[in-house]
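> structural data only, the sequence is not supplied:
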């Protein structure tokens, strides 16, 4: 359940407008909608509430969570959340934070009723309560849609400047952002109200077929190069997956090195067992490697700690797989509420082979967000977005290499 309409996190701030409870507005999408209402109080606190509406209907009365007051002295920049409200078969909560300039920003989070991790923060386009607002006046945000589910993610994979490793290496961050956004639009036109978020999939640890001086057979992308993609993702409204090929290192050790970047809400992690060959005693590439369920659990636990510390939405942890042994003890992988595990069918070739692996590994537990990689140069032919969306269970994440 990653960020529905996450790209809205990067639009310019817009002030709220007045909208009395129950006011009639132009009919929305076919699905029900939710918005946040908020008012300032005499003591400096801010009270928040939910409203919903069905197609063709007016907004409901304000629905007041039991815990719904943002303290006057709340630390700037820290997200706080209300208690849970059940709407339309799912659960919702409001999150809010104060800014240093005294504006208050609100967002929504959703999850399946009674279970699952909370989604990324759903950021209404109109979501800022102005500073200095007098008490007793309710204002409303713009709406988000109920029931559309997590948006699909469409990403471009590769390493900067190395065209052979994938399409991310075929241009500057800005050029790649424009290209992947165009592909995301194609999926957005096919998946109804679900929406799509474009993403970079950046290889930050590249396995080598020769032993590096530190003995890990891995070269790491310098932090300043990673930071450039973090800022580009922020600027262009993309998610960012940081992918390590592990080599003779340890998955957790490599992920720990990325911690400063992982404290951003739009930055996620990918592990590539293919090149994890230390236990085989051979160079990466000489045989197809593997990682264990215990190693996946270690990384999940570490990411969950960051999520809790920073009050972030859940992190996506992607694991590539195209052979049984690459993640052989899947039953040992634990469910971590703060992390969404995405298994990616990573093999190239014709659609029958690719979809066999997708059904076997990406659609089955413990994978929570099925992913499918498509190869522009190696798939024969490349599945079209129409074919991908025509699957009985389309992937949550589509990766282009």
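The structure has been received and is ready for your questions. What you see is a predicted model; the values in this text were computed from it and never measured. Numbers count the residues shown, from 1 in each chain.

> in three-state terms, label residue 361 for me.
helix (DSSP: H, G, I helix; E, B strand; the rest coil).

> ok, it - contacts?
Counting by C-beta atoms under 8 Å, 6 or more residues apart in numbering, residue 361 makes contact with 321, 322, 327, 343, 345, 367. In this view, the C-beta of every residue, glycine as well, is placed from N, C-alpha and C.

> mind putting the residues you listed into CSV with distance to residue 248 and pLDDT?
Converted to CSV, those look like this (distance: C-beta to C-beta, whole Å; pLDDT from 0 to 100):
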residue, distance to residue 248, pLDDT
321, 20, 96
322, 21, 94
327, 18, 93
343, 23, 96
345, 25, 95
367, 26, 93
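
> in helices only, show me those.
Using DSSP state H, the subset of these located in helices is empty.

> most neighbours, which of these?
residue 343 (29 neighbours; other C-beta atoms under 10 Å).

> hmm, residue 367 and that residue touching each other?
Yes. Here residue 343 lies in contact with residue 367, judged by C-beta atoms under 8 Å, at a distance of 3.7 Å.

> how about the residue nearest to residue 325 when sequence neighbours are not counted, secondary structure?
Excluding its sequence neighbours, the residue lying closest to residue 325 (C-beta to C-beta, 6 or more residues apart in numbering) is residue 290, at 5.2 Å. Classification of residue 290 by three-state DSSP places it in coil.

> count of residues packed around residue 290?
21.

> residue 94 pairs with what?
Per DSSP bridges, the residues bridged to residue 94 are residue 108.

> er, residue 267 I mean
Beta bridges link residue 267 to residue 240, judged by DSSP bridges.

> what's near enough to touch it?
Applying C-beta under 8 Å, 6+ apart, we find residue 267 in contact with 230, 233, 239, 240, 241, 242, 258, 261.

> columns pLDDT on top of these, output as TSV?
Converted to TSV, the contacts of residue 267 look like this (pLDDT from 0 to 100):
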residue	pLDDT
230	96
233	94
239	95
240	97
241	98
242	98
258	98
261	97
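
> out of the residues you listed, which is nearest to residue 52?
Distances from residue 52 to the contacts of residue 267, taken as C-beta to C-beta, are shortest for residue 239 (27.6 Å).

> for residue 53, see how far away residue 304 is.
Relative to residue 53, residue 304 is positioned 35 Å away (C-beta to C-beta, to the nearest Å).

> I'd like to know which helix or strand in this structure has the lowest mean pLDDT.
For the chain, using mean pLDDT, DSSP states H and E, the weakest element among its helices and strands is strand 17-18, scoring a mean of 35.

> centre of the chain to the following helix or strand past that strand, how far?
Remark: after strand 17-18, the chain's next helix or strand is strand 33-40, criterion DSSP states H and E. Offset of strand 33-40 from its chain centre (C-alpha atoms, centre = their mean, to the nearest Å): 24 Å.

> contacting residues around whichever helix or strand comes after strand 33-40?
Next in sequence after strand 33-40, counting helices and strands by DSSP H and E, comes strand 46-53. Applying C-beta under 8 Å, 6+ apart, the external contacts of strand 46-53 come out as 21, 25, 28, 32-41, 59-65, 68-70, 82, 85, 87-88, 92, 94, 96, 104, 106, 129, 138, 140, 143, 146.
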